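>>> Got a predicted structure plus its sequence, pasted below:
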Amino acid sequence: MEAASTEARPSVDPAVTAIREHKTWLIPFAFGSAQLGAAALGILKQVAAELPAQGPITVAGRTDDTGPAPINDALAQARAVTVRDHLVRARPELEGAITVEAAGKCCFAGPNDTAAGRARNRRVEITVAHKAPPP
């Protein structure tokens with residue numbers, strides 16, 4: 001007869017269950033612009049269809065490193081607001097779930113020493129956090 005196992009089972013830390021999985025979409029913008037172009041509108045159509053009915057949803061505006069910081073900060077904010085407003089028009093129930101963040105000259109996706117890198121940095125990131133399933 002086998003003895004009952006006395007091995008301690010690890011307990012689940014409640015903080016661990018708060019760990020979230022993220023999904024992020026990138027919305028491109030032209031230099032110096034907060035207007036939605038054709039590529040951005042195509043991506044936003046997909047995003048609006050895929051966003052869950054509940055948040056949290058973060059819309060974060062970004063710029064490249066060209067120009068003065070105050071102008072980039074304002075442009076990053078304008079881009080984020082443009083995307084948020086577009087999503088809320090498409091899905092009004094999301095209005096309370098969306099948080100807008102913005103920072104120019106921050107959080108670069110590519111190097112700023114090439115045109116392609118700067119183009120990658122002119123974007124809005126839409127991130128949805130989901131609770132991770134228990135281990």
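Arrived safely, thanks for sending.

>>> just the helices in this structure please.
Using DSSP state H, the helices found in the chain span residues 14-17, 38-50, 69-90, 115-121.

>>> Alpha carbons of stretch 104-122, as CSV, please.
C-alpha atoms of stretch 104-122 as CSV (Å, rounded to 0.1, in the frame of the first residue of the first chain):
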residue,chain,number,x,y,z
GLY,A,104,6.1,62.1,-28.3
LYS,A,105,9.7,61.2,-28.7
CYS,A,106,9.1,58.1,-26.6
CYS,A,107,8.8,54.4,-26.9
PHE,A,108,10.2,54.0,-30.4
ALA,A,109,9.4,50.9,-32.5
GLY,A,110,12.2,51.5,-34.9
PRO,A,111,15.4,53.6,-35.2
ASN,A,112,15.0,57.3,-35.9
ASP,A,113,18.0,57.4,-38.2
THR,A,114,16.2,56.0,-41.2
ALA,A,115,13.0,57.1,-43.0
ALA,A,116,11.5,53.5,-42.5
GLY,A,117,12.3,53.6,-38.8
ARG,A,118,10.8,57.0,-38.3
ALA,A,119,7.6,55.8,-40.2
ARG,A,120,7.3,52.9,-37.8
ASN,A,121,7.5,55.3,-34.9
ARG,A,122,4.6,57.4,-36.1
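
>>> Give me the contact list for it.
Contact with stretch 104-122 is made by 26, 28-31, 60-66, 69, 71-76, 123, as judged by CB atoms under 8 Å, 6 or more residues apart in numbering. The way it works is simple: take the backbone N, C-alpha and C, and place the C-beta from them, glycine included.

>>> Isn't G37 up against F31?
No: shown here, G37 and F31 do not form a contact pair, counting by CB atoms under 8 Å, at 11.3 Å.

>>> that older thread, would you mind giving the helices of the chain as TSV with mean pLDDT added?
Listed next are the helices of the chain as TSV, based on pLDDT from 0 to 100:
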stretch	mean pLDDT
helix 14-17	48
helix 38-50	95
helix 69-90	96
helix 115-121	92
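
>>> which of those is buried the deepest?
Neighbour counts (mean count of other CB atoms under 10 Å) averaged over each of the helices of the chain peak at helix 69-90, with a mean of 19.
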